[in-house]
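Engineer: Whatever this is, show me its structure:
(2 chains)
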Protein chains: 2
Amino acid sequence: MKGSEGDFISVDYTHPSAVNDNASFYCENNLPFVMGTTGGDRKLLVDTVKGSGTAAVIAPNMGAQIVAFQAMMEYASQTFPGVFKGYRLEIKESHQKGKADTSGTAKAMIGYFNSLGIPFEKDQIKMERDPEVQKNQWGIPEEYLSGHGWHNYTLQSEDGTVFFQFTHNVNGRDIYAKGTLDAIHYLDKKLHQGAKGQVFSMIDVLKGV
Amino acid sequence: MKGSEGDFISVDYTHPSAVNDNASFYCENNLPFVMGTTGGDRKLLVDTVKGSGTAAVIAPNMGAQIVAFQAMMEYASQTFPGVFKGYRLEIKESHQKGKADTSGTAKAMIGYFNSLGIPFEKDQIKMERDPEVQKNQWGIPEEYLSGHGWHNYTLQSEDGTVFFQFTHNVNGRDIYAKGTLDAIHYLDKKLHQGAKGQVFSMIDVLKGV
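Structural biologist: Numbering: from 1, shown residues only, chains lettered A, B, ... in the order given. This next block holds a predicted model:
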């Protein structure tokens, strides 16, 4: 394919079980790739690219604005540890019925809130997977009941006088498609600058450096 | 007073017209101070402290969590410029009837959103000052109609599939009293470490370094 068509960038949204084999194939054939597939042996994945002559963007979440919001929260948790001490936290999330596990985004957020001074465990997240409740109580549009990720974080001070709420609702997959295109453009630029054996994250893509 | 009572820290919540005269008085008498008063000549204020033998915490907003949230937004605007390009923004804020001008917090936020890729002008902020609307439409408790600051930032992607909302609602003044106490403790620590001619911000207080 490379011989007849010239250089190209592979996009991998496959299955956790294919992550490492696919990466080995891309690397052995000097094929740069953008991988949004989660799971597999993540350390081996990175090492495979680092030991190769090609480069990749690897990100478990390609939604640019969601990644930016997570980075904001990480920054706050590192810069202002304990600033929300004494606050009560509630985390609610809704995803399509098929999704069995807790949202990875919500789990990452727990770590940030812990650093900000709020004890909170994964099993305290209120998960919604019932399409009837999603439609009638959350107001999620019918056409997105089969594919959405809605997140809601509410903070309230001990005395009840201060209230914070952060919401990010994604319907469908357009945001990930757009982020994937951004990642392809970024990787193409890095390849032209001579990138080899390098793994880039979505944060790198957003920073654009 | 210093002669009979020993060292103390002054707390200044007075009037914009008193900012610079008060600062001169504190500095001439080697009185460290925490100033939450806004307005006056801010450059002169800082220079007065820098040329003195004492130190001060000066912050137009002493609400620790609000300051932390603003710092998060500033970080995002510097780290991910343009990441919300194409998004529609709505800013709504409600404050007690007496407050004539737009919220300073909301104005600062506009600058961050501009850097994040969204054109937005100060006069697009939807200001609410009518106690009836605040009570009946916003649900602001009656006892706080005379003192509150509610802020709401809504972002929606061009195609409508992605929705972000950030809310911070403050009732009364307890959050500022708590932040002022934090600032006093921080300044006391810095004075014991020998701070002289230094101005600290609420960000310094939150970082605790």
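Engineer: Closest to the centroid, which residue in chain A?
Structural biologist: A:Asn61 (2.3 Å; C-alpha atoms, centre = their mean).
Engineer: Can you tell me the SS state at it?
Structural biologist: Here A:Asn61 is recorded as coil under DSSP: H, G, I helix; E, B strand; the rest coil.
Engineer: tell me the contacts of it?
Structural biologist: Listed by C-beta atoms under 8 Å, 6 or more residues apart in numbering or on different chains, the contact set of A:Asn61 reads A:Gly36, A:Val67, A:Gln70, A:Gly104, A:Thr105, A:Tyr176, A:Met202. Quick note: C-beta positions are derived from backbone N, CA and C, even for glycine.
Engineer: repeat for A:Ile91
Structural biologist: Per C-beta under 8 Å, 6+ apart, neighbours of A:Ile91: A:Ala106, A:Met109, A:Ile110, A:Phe120, A:Gln124, A:Ile125, A:Lys126, A:His151, A:Asn152, A:Tyr153, A:Thr154.
Engineer: part of a strand, is the last one?
Structural biologist: Just to be clear, that refers to A:Thr154. Yes - under three-state DSSP, A:Thr154 falls within a strand.
Engineer: distance between the top helix by length along chain A and the chain's centre?
Structural biologist: Counting residues, the longest helix found in chain A (DSSP state H) is helix A:174-192. In terms of C-alpha atoms, centre = their mean, to the nearest Å, the centre of helix A:174-192 is found 15 Å from the chain centre.
Engineer: Same check on stretch A:129-136?
Structural biologist: 24 Å.
Engineer: Can that stretch be said to contact chain B?
Structural biologist: No - legend: contact between stretch A:129-136 and chain B by C-beta under 8 Å from any C-beta of the partner chain is lacking; minimum distance shown is 14.8 Å.
Engineer: If you count neighbours, what's buried in that stretch?
Structural biologist: A:Gln134 (16 or more other C-beta atoms under 10 Å in any protein chain shown).
Engineer: ok, now stretch A:183-196?
Structural biologist: A:Ala183, A:Ile184, A:Tyr186, A:Leu187, A:Lys190, A:Leu191, A:Ala195.
Engineer: Quick check: the second one touching A:Asp12?
Structural biologist: No - with contacts defined as C-beta atoms under 8 Å, A:Ile184 does not count as touching A:Asp12, sitting 11.8 Å away.
Engineer: related to what we said a few turns ago, what helices and strands are in contact with the longest helix of chain A?
Structural biologist: Identification of packing neighbours for helix A:174-192 by 3 or more C-beta pairs under 8 Å, 6 or more residues apart in numbering or on different chains; DSSP states H and E yields strand A:33-35, strand A:55-58, helix A:64-79, strand A:198-200, helix A:202-207.
Engineer: Parallel or antiparallel, list what pairs with the fourth one.
Structural biologist: According to DSSP bridges, strand A:198-200 has the following sheet partners: strand A:55-58 (parallel).
Engineer: what pLDDT, on average, does the strand it pairs with get?
Structural biologist: Averaged across strand A:55-58, pLDDT comes to 97.
Engineer: Export that strand to CSV, keeping only CA atoms.
Structural biologist: Presented in CSV, the C-alpha positions along strand A:55-58 are these (Å, rounded to 0.1, in the frame of the first residue of the first chain):
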residue,chain,number,x,y,z
ALA,A,55,6.0,8.2,15.6
ALA,A,56,2.5,8.1,16.9
VAL,A,57,-0.2,10.1,18.7
ILE,A,58,-1.7,7.8,21.4
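Engineer: Residues in contact with that strand: which ones?
Structural biologist: A:23, A:26, A:32-35, A:45-46, A:49, A:183-184, A:186-187, A:190-191, A:195-202, A:204-205.
Engineer: Per-residue pLDDT of A:Lys107, please?
Structural biologist: pLDDT recorded at A:Lys107 is 85.
Engineer: which residue packs closest to A:Pro131, ignoring adjacent ones?
Structural biologist: A:Leu145 (4.6 Å; C-beta to C-beta, 6 or more residues apart in numbering or on different chains).
Engineer: which ones are touching the one you found?
Structural biologist: Contacts of A:Leu145 by C-beta under 8 Å, 6+ apart are A:Gln96, A:Lys97, A:Pro131, A:Gln134, A:Lys135.
Engineer: Roughly how far does the first one sit from chain B?
Structural biologist: If you measure A:Gln96 against chain B using C-beta to the nearest C-beta, to the nearest Å, the figure is 14 Å.
Engineer: how about that residue, what does it touch?
Structural biologist: Counting by C-beta under 8 Å, 6+ apart, A:Gln96 has contacts A:Arg129, A:Leu145, A:Ser146, A:Gly147, A:His148.
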